[in-house]
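Undergrad: sequence unavailable; structure follows:
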């Protein structure tokens, strides 16, 4: 699933390749491959100060999860036969294989595949001092069986370090000039004054999910055909839509072509900072959550001490506050907490919604193939056979 469309830049960015100490002795190196902009650079300096040993930090960033997942796959490919020419130095300009990292950022949506394909290995929560501080629902999210399915008796396959949500962004100036009440929940998307005025994500799990939420059901519902009025509500929402996209849904809102947009908080927050007329709310009845995890690649055999120190460092209260201030997401350690130092601003209400909203929200879990086909079938029917409703999609994914 694609999200965070405004993450741009080089495909790989060295965050820190500095080594601690200047002696010629061999030292431990923590190798981390992370999502760009998911960790403030100043936290690396703070972590280096806390290290109890002389160690090196090798952090490099990628702009998309698909590249990080591809790297996990590449590390597990079987090496070619050991031919005599395999030891010949590579020609100039050719890249050598990237050493297996100790930790990699992965989105929770990718976790099931990574486990099922044996791309990662479990973590030992007994070696993580601050694991008990992680909220229960984040613990449950990463406790899986060997097929990647949630299991209360399963192993721990990741360490969540930041999270965000699906939100409603809107044009503050348009609402004020028309005397409209600002949106507060999903039901507002169906208001008659917003006909052909909404940008929607080109994602069936998100759009069908928010409609299910409006009707009092779960984002992860199966047997969609048994849910009364679901198709009618989706058709009505389709009439409200002017634009579908998963990577350009904010552009019509910024230009004033739409009045509202459903999008991911890490896309919406930078737009709020840049354009004063863009505001956003987290729906009161609950929304879809996502979280970024530290996972350990299969085959990584560096001493776990450093990676455990880094994960615990990310969960320290001071680190959690800095991460929540200086990135476009929040630490799960702070989820649902009302912190005095976080002023009641538009940004902070999106980054740290109330405990009630968090409790009402859900992670998008893996569904059976049969259920996924049901979502896709309903999506196609609404989008392309919507009783004469003209399709306005900009980014079709099928």
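TA: Noted; the coordinates are in hand. What you see is a predicted model; the values in this text were computed from it and never measured.
Undergrad: only C-alpha atoms for contact and neighbour calcs from this point on.
TA: Noted.
Undergrad: residues touching stretch 122-135, excluding its own?
TA: 155-158, 295-296, 308-309, 311-312, 315-316, 332-333, 335 (CA atoms under 8 Å, 6 or more residues apart in numbering).
Undergrad: and the helices in the stretch 201-350 of the chain, which stretches?
TA: Taking DSSP state H, counting those that start in this stretch as the criterion, the stretch 201-350 of the chain contains helices spanning 204-214, 230-240, 250-255, 265-274, 304-315, 317-326, 346-351.
Undergrad: check which residues of the longest one are buried.
TA: Think helix 304-315. 306-315 (16 or more other CA atoms under 10 Å).
Undergrad: pick out whichever of those sits closest to residue 230.
TA: Closest approach to residue 230 among the buried residues of helix 304-315 (CA to CA): residue 315, at 40.1 Å.
Undergrad: report the contact partners of that closest one.
TA: Taking CA under 8 Å, 6+ apart, we find residue 315 in contact with 130, 133-134, 161, 331, 333.
Undergrad: ok, now residue 346?
TA: Residue 346 neighbours (CA under 8 Å, 6+ apart): 279-281.
Undergrad: can you give me how far the lengthiest strand in the chain is from the chain middle?
TA: The residue-count maximum for a strand in the chain (DSSP state E) belongs to strand 159-171. Relative to the centre of its chain, strand 159-171 is centred 8 Å away, using CA atoms, centre = their mean, to the nearest Å.
Undergrad: which SSE is immediately downstream of that strand?
TA: Remark: after strand 159-171, the chain's next helix or strand is helix 172-178, criterion DSSP states H and E.
Undergrad: domains of this structure?
TA: 13-77+94-162+290-334, 164-289+354-384 (automatic domain parsing).
Undergrad: list the contacts for the nearest residue to residue 242 once chain neighbours are set aside?
TA: The shortest distance from residue 242 to any non-neighbouring residue, by CA to CA, 6 or more residues apart in numbering, is to residue 196 (4.7 Å). With contacts defined as CA under 8 Å, 6+ apart, the neighbours of residue 196 are 239-242, 258.
Undergrad: may I ask which two of the contacts of stretch 122-135 are separated the most?
TA: So, the contacts of stretch 122-135 by CA to CA: farthest apart are 296 and 335, at 24.1 Å.
Undergrad: those two: which has the busier surroundings?
TA: residue 296 (27 against 21; other CA atoms under 10 Å).
Undergrad: which residues touch the residue lying closest to residue 174 once chain neighbours are set aside?
TA: By the measure of CA to CA, 6+ apart, the closest residue to residue 174 outside its immediate chain neighbours is residue 259, 7.0 Å from it. Taking CA under 8 Å, 6+ apart as the criterion, residue 259 is in contact with 170-171, 174, 194, 197-198, 253.
Undergrad: roughly how far does residue 199 sit from residue 189?
TA: Residue 199 sits 10 Å away from residue 189, going by CA to CA, to the nearest Å.
Undergrad: appreciated, that's everything.
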